[in-house]
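Engineer: 3D, please:
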Amino acid sequence: MKVTQHIENANGKPLFSFEILPPLKGQNIQSIFDSIDPLMEFNPPFIDVTYHREEYEYKELPNGLLQKKIVKKRPGTVGICAGIQNKYNVDAIPHILCGGFTKEDTENLLIDLDFLGIDNVVALRGDALKTETYFHPEKEGNAYASELVTQISNLNNGIYLDEDLKNSAKTNFCIGVAGYPEKHMEAPSLDSDIYFLKQKIKNGADYIITQMFFDNKRFFDFVDKCRAAGITVPIIPGLKPIATKKQLNLIPHRFSLELPDDLIMAVVKAKDNDAVKQIGIDWCVQQSKELVAAGIPVLHYYSMGKAENIKAIAKEVF
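Structural biologist: Numbers count the residues shown, from 1 in each chain. You can find the predicted model right below:
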């Protein structure tokens, strides 16, 4: 079922969903199931599965020269989605990236997903490689998420890259895209970011899921700006409980967002990371309850493969 149908069928009841990471190469899918099992009591209608593009490593050869090697540290997104749908009978939503894919690669991936009965995808540009300052698309690939949305939308209309195909089957993907309540780190302003977000909606996106935030006012202001710009699709908030003192610096740097002073000082004064974890749970519970009270249809949690704190939050909210 499509995400938009799940929201419609809920009739105003808030839905719980979450996102997981594929395991590191060498681990098996049971580690994924172990992180999902504790959260299934809250009846998530869908689970997102991230995609991780290739990385470059350099291996020193016996002659002293360096050999460039391409590695994928977290493969398996498509297989995990199939496993989730088979085991739990809920919708699994793979992230689809521009980075690392030609348009032909993307089309073939979408065909596989369609054959597996996957109804939803999240279309993302993806990050730059660690060796790059700025994102560089693949040759013959999509440079922007808006272009990726267009390609998926085209396939939904039976338009393939090979224009000579006759009587081609249409896919029926529900397309999610990312929104940034505190703007994307590369955007010059929030208003300009929303301008390009609207382009993704025009190109065929069906719903928005936001980057994490820790101040609900940022989210509500973002929604107001989107609605004023003519964006009418569902906007799903993304939430993450802070869990360690290190994240005070890591999260703002990695995701280009601000933490509220009250949260910062509570974490600074915490005795240890166990205390920080409880602070993060309590903060996220309050965020969640306020969002539910405001009529937000779905709350989406970034679990990072760790279920314990998400379960503690969900028990208080759902």
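
Engineer: When you work out contacts or count neighbours from here on, use the C-alpha atoms and nothing else.
Structural biologist: Noted.

Engineer: Tell me how far Lys217 lies from Tyr134.
Structural biologist: 30 Å (CA to CA, to the nearest Å).

Engineer: same deal with Cys284?
Structural biologist: Cys284 is 32 Å from Tyr134, by CA to CA.

Engineer: For the two, work out which one has more neighbours and name it.
Structural biologist: Under the neighbour definition other CA atoms under 10 Å, Cys284 and Tyr134 were set side by side, and Cys284 has more, 24 against 11.

Engineer: residues of the helix or strand containing that one that come out buried?
Structural biologist: Using DSSP states H and E, Cys284 sits within helix 273-293. Buried residues in helix 273-293, defined by neighbour count with 16 or more other CA atoms under 10 Å: 275-285, 287-288, 291-292.

Engineer: repeat for stretch 194-206
Structural biologist: In stretch 194-206, counting by 16+ other CA under 10 Å, buried: Ile194, Phe196, Leu197, Lys198, Gln199, Lys200, Ile201, Asn203, Gly204, Ala205, Asp206.

Engineer: show me what contacts the fourth one?
Structural biologist: Taking CA atoms under 8 Å, 6 or more residues apart in numbering as the definition of contact, the neighbours of Lys198 are Ala229, Gly230, Ile231.

Engineer: ok, the last one touching Lys202?
Structural biologist: Right, Ile231. No. Between Ile231 and Lys202 there is no contact under CA atoms under 8 Å: 9.1 Å.

Engineer: for this structure, which spans come out with low pLDDT?
Structural biologist: In the predicted model of the chain, residues 55-57, 69-70 satisfy pLDDT under 70.

Engineer: Strands of that one, residue ranges please.
Structural biologist: For the chain, the strands defined by DSSP state E cover 15-20, 46-49, 55-60, 66-71, 91-97, 120-124, 174-179, 207-212, 235-239, 298-302.

Engineer: Can you check which of the ones you listed gets nearest to Lys130?
Structural biologist: strand 55-60 (7.4 Å; CA to CA).

Engineer: mind listing what's buried in stretch 133-150?
Structural biologist: 135-137, 141-150.

Engineer: Out of the residues you listed, flag the one nearest to Thr50.
Structural biologist: Proximity of the buried residues of stretch 133-150 to Thr50 (CA to CA) peaks at Ala145, which lies at 15.3 Å.

Engineer: How about the contacts made by the residue nearest to Ile235 when sequence neighbours are not counted?
Structural biologist: With CA to CA, 6 or more residues apart in numbering as the criterion, Ile235 has its nearest non-adjacent residue at 4.7 Å, and that residue is Ile208. With contacts defined as CA under 8 Å, 6+ apart, Ile208 is in contact with Gly176, Val177, Ala178, Gly179, Val233, Pro234, Ile235, Ile236.

Engineer: How many residues are close by Phe222?
Structural biologist: By other CA under 10 Å, the residues close to Phe222 number 22.

Engineer: hang on, isn't it packed against Pro181?
Structural biologist: Yes. Phe222 lies in contact with Pro181 (CA under 8 Å); the separation is 5.2 Å.

Engineer: who touches stretch 54-74?
Structural biologist: Leu21, Pro22, Pro23, Leu24, Lys25, Tyr51, His52, Arg53, Gly100, Leu129, Lys130, Thr131.

Engineer: so which of those is the most crowded?
Structural biologist: Result: Pro22 is most packed of the contacts of stretch 54-74 (other CA under 10 Å), 25 neighbours.

Engineer: so how many other residues sit close to the residue nearest to that one when sequence neighbours are not counted?
Structural biologist: Nearest residue to Pro22, sequence neighbours excluded (CA to CA, 6+ apart): Arg74, at 5.5 Å. For Arg74, the neighbour count with other CA under 10 Å is 18.

Engineer: give me every residue that touches the nearest residue to Ser288 once chain neighbours are set aside.
Structural biologist: Spatial nearest neighbour of Ser288, chain neighbours left out: Val317 (6.8 Å); criterion: CA to CA, 6+ apart. Shown in contact with Val317 (CA under 8 Å, 6+ apart): Val285, Ser288, Lys289.
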